[in-house]
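Q: structure, please.
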Amino acid sequence: MRLKSFDKPLTSVNAHDAPVNSLSFSPFSEYLLATGSSDKTVNLWDMRNLSSKLHTFAGHSEEVYQVEWSPHNETILGSCSQDRRLHVWDLSKIGEEQSAEDAEDGPPELLFIHGGHTAKISDFSWNPNDPWVVASVSEDNILQIWQMAENIYNEEQDDDDVADDALE
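A: A predicted model of the protein is given here:
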């Protein structure tokens, strides 16, 4: 896309029902963009067609302050919120069927919730050198560095564990 003029935007869209607090371009696709809002949601957009969003990620109970794509995995996106939670979303799971029990934990694309903070999470960042390591900071001056357990993001690991257990 080439802009002819810097005086006005190429396009403009009403992205959320409340103020938009954050946005992040996918490092893997020139067309994907995520936005986070005070309406408690994260929206996924295709820049080739901004007239309708691709998906809404709902799971936060308070306004979303930041969204950021994983630098290691094209389907992984994180969001943090005033609700003291950092959500890790997996786009590849959108639309998957769930049991009633799993649905109680959130939509299928909600891979993980980090709930270790006791105040509003104001920022987070993926470690560019170590996949699945995230640093997050909150308004009570706390920095946390954490890593998701491999069985959360590696379904093959779960399958191997079941197979090993079956052999015993």
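Q: okay, and the beta partners of the closest residue to residue 16 other than its chain neighbours?
A: In space, and not counting its chain neighbours, residue 16 is closest to residue 37: 3.7 Å by CB to CB, 6 or more residues apart in numbering. All C-beta spots, glycine's among them, are computed from the backbone N, C-alpha and C. Under the criterion DSSP bridges, residue 37 forms beta bridges with residue 20.
Q: how about residue 37, what does it touch?
A: Going by CB atoms under 8 Å, 6 or more residues apart in numbering, residue 37 touches 15-21, 43, 63-64.
Q: try it again at 7 Å.
A: 16, 18-21, 63-64 (CB atoms under 7 Å, 6 or more residues apart in numbering).
Q: which one of these sits closest to residue 57?
A: Closest approach to residue 57 among these (CB to CB): residue 64, at 9.0 Å.
Q: measure that closest one to residue 129 for me?
A: For residue 64, the distance to residue 129 (CB to CB, to the nearest Å) stands at 26 Å.
Q: so between the two, which is more surrounded?
A: Counted by other CB atoms under 10 Å, residue 64 and residue 129 do not tie: residue 64 has more neighbours, with 30 against 8.
Q: just checking, the more buried one touches residue 19?
A: No - with contact defined as CB atoms under 7 Å, residue 64 does not reach residue 19; the gap is 10.4 Å.
Q: tell me where this protein has strands.
A: Secondary structure of the chain, counting by DSSP state E: strands at 20-25, 32-37, 41-46, 55-58, 64-69, 76-81, 86-90, 110-114, 121-126, 133-138, 143-147.
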